[in-house]
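Trainee: build me a model from this:
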Amino acid sequence: MDQRRLSRIEVFVLDEPEPIHYGMEGAEGCRYGILKLTCKGGCSWGACLISANTKNFDLIKWSSFLRAICHCRLEEALDKVRREGSDWEQVKLELVQGALQDLKAKLQGKSFAGHIQQGRLYSVAAGGSNSRSERLYYKPSKALSTASQQKHSCPEPDTADLINKSISYFSIL
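Mentor: Got it, this is the predicted structure:
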């Protein structure tokens, strides 16, 4: 089987942000999402606030945009996101772009999400559908103190723990 083909897409919905939701504080009525992309070569993560102040939330409807990348090779998924992502809500686009870039880095033996462990925050410097290079570039935005770095460093989420904490879970195989 292809090492770079997405074999599973999972979305976990929680009432409270997890450490992966860097800088977010919990608020009543908010739903926090964690996206996990898996291929034979590894997995990657993304996180976002998926709804605020809503009693009812339809995870299957919200997650339907993810079917566009289901079973794609990593490069195909990145290409589809570049082509179709402008039709998605900004939070969905950023969530998928981040998780795909994280997976790409991991498969190359790098750590895209390592900016937390390295004590740096990164911000998007250029990119998007108007970019000729069709890439996102990240630049350091500020350094964290050692104490702050230790406070915000976290291991990859544990899937079983996330399932136990989730108020809703959706998986696309």
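Trainee: now the strands for this structure?
Mentor: 6-14, 31-39, 42-51, 120-126, 137-143, 168-172 (DSSP state E).
Trainee: so what's Ser63 up against?
Mentor: Listed by Cβ atoms under 8 Å, 6 or more residues apart in numbering, the contact partners of Ser63 are Val11, Phe170, Ile172. Quick note: C-beta positions are derived from backbone N, CA and C, even for glycine.
Trainee: from Gln90, how far out is Ser171?
Mentor: As defined by Cβ to Cβ, to the nearest Å, Ser171 lies at a distance of 24 Å from Gln90.
Trainee: then Glu16?
Mentor: 23 Å.
Trainee: the two: which is more packed in?
Mentor: Shown here are Glu16 and Gln90; by other Cβ atoms under 10 Å, Glu16 has more neighbours (13 against 10).
Trainee: what about the residue lying closest to the more buried one once chain neighbours are set aside, how many residues nearby?
Mentor: Leaving out its chain neighbours, the residue that sits closest to Glu16 by Cβ to Cβ, 6 or more residues apart in numbering is Gly26, at 4.4 Å. Per other Cβ under 10 Å, the neighbour tally for Gly26 reads 11.
Trainee: could you verify my assumption that Gly26 touches Leu14?
Mentor: No. Using Cβ atoms under 8 Å as the test, Gly26 is too far from Leu14 to be in contact (9.2 Å).
Trainee: overlap in contacts, those two.
Mentor: What both Gly26 and Leu14 touch, as defined by Cβ under 8 Å, 6+ apart, is the set Tyr32.
Trainee: could you check how far Val91 is from Asp2?
Mentor: Distance, Val91 to Asp2, using Cβ to Cβ: 29 Å.
Trainee: roughly how far out does the longest helix seen in the chain sit from the chain middle?
Mentor: Ranked by residue count under DSSP state H, the longest helix found in the chain is helix 90-107. Distance of helix 90-107 from the chain centroid (Cα atoms, centre = their mean, to the nearest Å) equals 5 Å.
Trainee: would you mind writing the CA trace of that helix as PDB?
Mentor: Written as PDB, here are the backbone C-alpha positions of helix 90-107 (Å, rounded to 0.1, in the frame of the first residue of the first chain):
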ATOM      1  CA  GLN A  90     -11.500  29.700   6.500                       C
ATOM      2  CA  VAL A  91     -11.200  27.700   9.700                       C
ATOM      3  CA  LYS A  92     -11.800  24.500   7.800                       C
ATOM      4  CA  LEU A  93      -9.200  25.400   5.200                       C
ATOM      5  CA  GLU A  94      -6.600  26.300   7.800                       C
ATOM      6  CA  LEU A  95      -7.300  23.100   9.700                       C
ATOM      7  CA  VAL A  96      -6.800  20.900   6.700                       C
ATOM      8  CA  GLN A  97      -3.800  22.800   5.400                       C
ATOM      9  CA  GLY A  98      -2.000  22.600   8.700                       C
ATOM     10  CA  ALA A  99      -2.600  18.900   9.200                       C
ATOM     11  CA  LEU A 100      -1.500  18.100   5.600                       C
ATOM     12  CA  GLN A 101       1.600  20.200   5.900                       C
ATOM     13  CA  ASP A 102       2.300  18.500   9.300                       C
ATOM     14  CA  LEU A 103       2.000  15.100   7.600                       C
ATOM     15  CA  LYS A 104       4.200  16.200   4.700                       C
ATOM     16  CA  ALA A 105       6.900  17.300   7.100                       C
ATOM     17  CA  LYS A 106       6.700  14.100   9.200                       C
ATOM     18  CA  LEU A 107       7.000  11.900   6.100                       C
END
